[in-house]
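Participant: Make a model of this:
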Amino acid sequence: MNQSSTNFALETTATDDQLSSREKLKQLFQQSPLPTEDLLFNLGLYTRSSLLVKYLVLYDLYLKFLPLPGVVMEFGTWWGQNLVLMENLRAILEPFNKQRRIIGFDTFDGYTGHAVGDKDGDGQFWTQSSYATGVNYKAYLEELLRTHEGMNVMGHVAGCHALIEGDVKKTVPEFFNKNPETIVAFAYFDIGLYEPTLAALKAIKPHLISGSMILFDELTWPESPGEAIALKEVFRPAEYTLEKVPLYPSKVLMRLR
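Facilitator: Residues are numbered from 1 along each chain as shown. Presented below is the predicted three-dimensional model:
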C-alpha cells in the first residue's frame, strides 16, 4: 500500500503523563497476546476514551438525522474511520436504507503549502503533506468500505459509498453538477482551511433541507479561523442554529432551519 509515515504533530491537549500512557497503550497493543481474530473482536481493550467519545457522538448524531432523507457526506476523510463508522451505524439503525449513500471527499495528499491562505491563521497543523495517507490508500479504503458493507444485512446490494479524490474546490461542485437531485441529510466538515471549506459550503447549500445537519470540526478553534469565516460568508444567521456537542465541546453542530 505504500503508506506515508506521520511526519507532523497531531493536535492534542494531553499532558506529558497522558502522552506517556498513550505510548504505553501503543506498546501493549503491539505486544498483544491475542490471536488476530480475537484481537479484532476485542479492540475495545485498546480504545482510548478520547476515541470512544467519537463513536458515541456519531451514534447520537445519526439518531438525530435518521428521520431525514438524503446522503451522508464527509469533507476531509483522512484514513476514513468516520466513513466506516457511518456505514456500520447505517447497517445497525436503518439496515434496509441503501439510499443513504455515504460519500467522502479528500485529496489523500494532505495539506499543501499553497492551500493555506491569509484567513487560515498560522496553526502548526497546516504543514506540507500533513494528513496525507500515502499512495493507493483510496483503493484500500474503498475495499475496506465494501468489506464492511458485505458483512452487513443488505451486503449483497453493493454501492452505498463513494470516495472522491481531489481538490474539493473542484470536486464538490462537479459532484453536485452531475448529481443535482442530491439531498444532504448530514455533512461532516473537517477540512479546516478557508478556501476549500468556502467552496464546499457554497456547493452543498442548495442541497440542504430543513433539519439538515453539518458538524464542524474546527469552528471555534482560534488557530483555525478559516472554517468559521467561510460559514459566515455563505450562511445568514437566520438560516441556522448552532450548538456545541455535549460530549465533544470542541465540535459544533449546525442545523438548518
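
Participant: How are the helices of this protein distributed by residue range?
Facilitator: Along the chain, the segments classed as helices by DSSP state H run 16-30, 36-41, 49-65, 81-93, 137-151, 168-178, 194-204, 226-234.

Participant: surely residue 145 meets residue 80?
Facilitator: Yes: counting by Cβ atoms under 8 Å, residue 80 is a contact partner of residue 145 at 7.3 Å. Glycine gets a C-beta too; all of them are placed from N, C-alpha and C.

Participant: Show the pLDDT at the residue in the chain sticking out farthest from the centre.
Facilitator: Relative to the centre of the chain, the most outlying C-alpha is that of residue 33, 31.9 Å out, by Cα atoms, centre = their mean. The model reports residue 33 with a pLDDT of 97.

Participant: And for the one 10 residues further on?
Facilitator: At residue 43, the model reports a pLDDT of 96.

Participant: That one - how many residues pack around it?
Facilitator: Residues near residue 43, counting by other Cβ atoms under 10 Å, number 10.

Participant: wouldn't residue 130 be in contact with residue 111 here?
Facilitator: Yes: under the criterion of Cβ under 8 Å, residue 130 makes contact with residue 111 at 5.1 Å.

Participant: more neighbours, the two?
Facilitator: Set side by side, residue 130 and residue 111 show more neighbours around residue 111, with 23 against 16, by other Cβ under 10 Å.

Participant: Need the phi and psi values for that one.
Facilitator: Reported as degrees, to the nearest 10, the phi and psi values for residue 111 are phi -80, psi 150.

Participant: Would you confirm that it contacts residue 117?
Facilitator: No: applying Cβ under 8 Å as the test, residue 111 and residue 117 come out as separate, 11.8 Å apart.

Participant: what touches both of those two?
Facilitator: Common neighbours of residue 111 and residue 117, using Cβ atoms under 8 Å, 6 or more residues apart in numbering, are residue 193.

Participant: Need the overlap of contacts for residue 145 and residue 80.
Facilitator: The contact sets of residue 145 and residue 80 overlap at residue 163 (Cβ under 8 Å, 6+ apart).

Participant: got the domain boundaries for this protein?
Facilitator: 13-46, 49-256 (automatic domain parsing).

Participant: out of those, deepest packed?
Facilitator: When the domains of the chain are scored by mean count of other Cβ atoms under 10 Å, the highest mean neighbour count falls to domain 49-256 (a mean of 17).

Participant: From residue 26, how far out is the residue farthest from the centre of the chain?
Facilitator: Applying Cβ to Cβ, to the nearest Å, the value for residue 33 to residue 26 is 16 Å.

Participant: Same check on residue 208?
Facilitator: Distance from residue 208 to residue 26, by Cβ to Cβ: 40 Å.

Participant: before we move on, what about residue 243?
Facilitator: Distance, residue 243 to residue 26, by Cβ to Cβ: 34 Å.

Participant: List the contacts of residue 245.
Facilitator: Shown in contact with residue 245 (Cβ under 8 Å, 6+ apart): 57, 61, 215, 251-253.
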